[in-house]
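# Got a predicted model here, sequence first, then my questions.
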Amino acid sequence: MASSVSSDARRRANLRVLQRLDPLILDIAGSATHVVLYEFNTTSQQWEKTGCEGSLFVAKRSEVPRFTLVVLNRSSKDNLEVPITGKFQMQLQEPYLIFREAKGDGGTVKIRGIWFHDGAERTAVSDLLSRLVTSLEQIEQLEENHAHDAEALLGTDKREHSAKSSSGKASKDTAAKTDHHKNNAVEAGNTATSKQPPHVNNLVLDKKSLQLSLLSLIQDERFLDLIHAQYLKVAHARGVRDKHGNSAGDDANNNG
């Protein structure tokens, strides 16, 4: 029991430290007690220490990137912070967890290796990162498909608006003509209607595209906030209605 309390207290303390570093961090998804960061020297073809070592954390964030890998450096204030996305590349090659990191404006790729004091922690962190990258890759693909669907719908709306504008202009021209030909108003109206440009068919998503779009929306915090706000509004209105109904029932019983 004491060990569990001590572990929870240590976790909360580590979370506070991480949140001072990045206020958008929400929780700790995984950690390792002690690691050492190495970098592969392509000239000498050897691994070299970077001067960064300490506790490692895989942290969950409230905004993109949703996860980040952090090493709190005990040697200096230069911590390691690597965004975890669906494009994160890594491999487990004992005794290192190797990953690629793009640095600088030129996009220079560095090959980094993390040495773990505890081999079991290395395996656990590697498995966690693999699951996260797979999930993030799927989410990013859904978001990309959703963006394409939104662009297609926007294009359809623009075409429909253009068609409606043309139709409105045609109607105005017809109305002007009927002012000079009142005796033929009905015939002119029918003719104008028959000459209106056809509407562009609405874009219809197939079942799979609709599913991907809805899944993408569920991953959007703003969409969830909107749905939750509407839910609270409905729940509040229902509570008020039930309260009034109970009050009316009590009054009826008292009168009876």
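Now that the structure is in, tell me what you want to look at.
# contacts, neighbours, all on C-alpha from now
Noted.
# secondary structure class for residue 75?
Following DSSP: H, G, I helix; E, B strand; the rest coil, we place residue 75 in the coil state.
# what residues are up against it?
51-53 (Cα atoms under 8 Å, 6 or more residues apart in numbering).
# quick one: the helices in the stretch 1-150 of the chain?
2-21, 119-180 (DSSP state H, counting those that start in this stretch).
# quick one: average confidence on the last one?
When pLDDT is averaged over helix 119-180, the result is 77.
# And residue 99, how close does it get to residue 92?
9 Å (Cα to Cα, to the nearest Å).
# what residue ranges in this protein score low on pLDDT?
Counting by pLDDT under 70, the chain has low-confidence residues at 1-5, 103-107, 149-150, 153, 155-223, 245-256.
# backbone phi and psi for residue 23, please?
Dihedral angles of residue 23 (phi, psi; degrees, to the nearest 10) stand at phi -60, psi -20.
# Could you tell me how many residues sit around it?
Counted by other Cα atoms under 10 Å, the residues lying close to residue 23 total 12.
# And residue 58, by the same measure?
If you count neighbours by other Cα under 10 Å, residue 58 ends up with 23.
# Ok, residue 69 next?
Residue 69: 18 surrounding residues under other Cα under 10 Å.
# quick one: contacts for residue 34?
With contacts defined as Cα under 8 Å, 6+ apart, residue 34 is in contact with 53-56, 116-118.
# quick revisit: could I get the contacts of residue 75 as TSV with distance to residue 236 and neighbour count?
Converted to TSV, the contacts of residue 75 look like this (distance: Cα to Cα, whole Å; neighbours: other Cα atoms under 10 Å):
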residue	distance to residue 236	neighbour count
51	57	14
52	53	20
53	52	24
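# could I get the residues you listed as a markdown table with distance to residue 229?
Output for these, formatted as a markdown table (distance: Cα to Cα, whole Å):
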| residue | distance to residue 229 |
| --- | --- |
| 51 | 48 |
| 52 | 45 |
| 53 | 44 |
